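1. Sharing a model prediction with you, sequence too.
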Amino acid sequence: IQDVAGLAKTQLPIELADRLVRHFNAAHIAGYVGLNAIGQGSPYSKTYFFDHYNEEAKLLTPAEMKEISRHDMDNSGLCM
């Protein structure tokens with residue numbers, strides 16, 4: 001992520017670079033939610049982990065969140 005972020009910030013228009021880095025960071029956080037053990041529960045839930053960091057870092061806009069809402073992060077992304 002760091003390599004792509006550095007390259008994006010120096011080679012792309014700032015708006016596009018910022019969006020790319022936000023999306024990379026959101027995907028990284030979503031990956032932790034996807035590690036939930038099926039049926040076991042986990043501290044990495046969408047509500048208490050992904051949504052918390054998304055709100056704190058302003059990674060995805062409400063429109064972008066709507067786009068990914070069909071994916072079931074809390075169940076290892078089984079419908080992705």
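-> Okay, I see it.

2. rest of the way, CA atoms for contacts and neighbours
-> Will do.

3. What's the local residue count around residue 22?
-> By other CA atoms under 10 Å, the residues close to residue 22 number 19.

4. Next: residue 47.
-> Count around residue 47 with other CA under 10 Å applied: 13.

5. Also residue 74?
-> Using other CA under 10 Å: residue 74 sits among 22 other residues.

6. from what I can see it touches residue 49, true?
-> No - contact criterion CA atoms under 8 Å: residue 74 and residue 49 do not qualify, at 10.4 Å.

7. Could you report the pLDDT at residue 68?
-> On pLDDT, residue 68 comes in at 89.

8. Next up, the contacts around residue 25.
-> Contacts of residue 25 were listed using CA atoms under 8 Å, 6 or more residues apart in numbering, and they are 1, 59.

9. Now name the helix or strand holding it.
-> helix 14-33 (DSSP states H and E).
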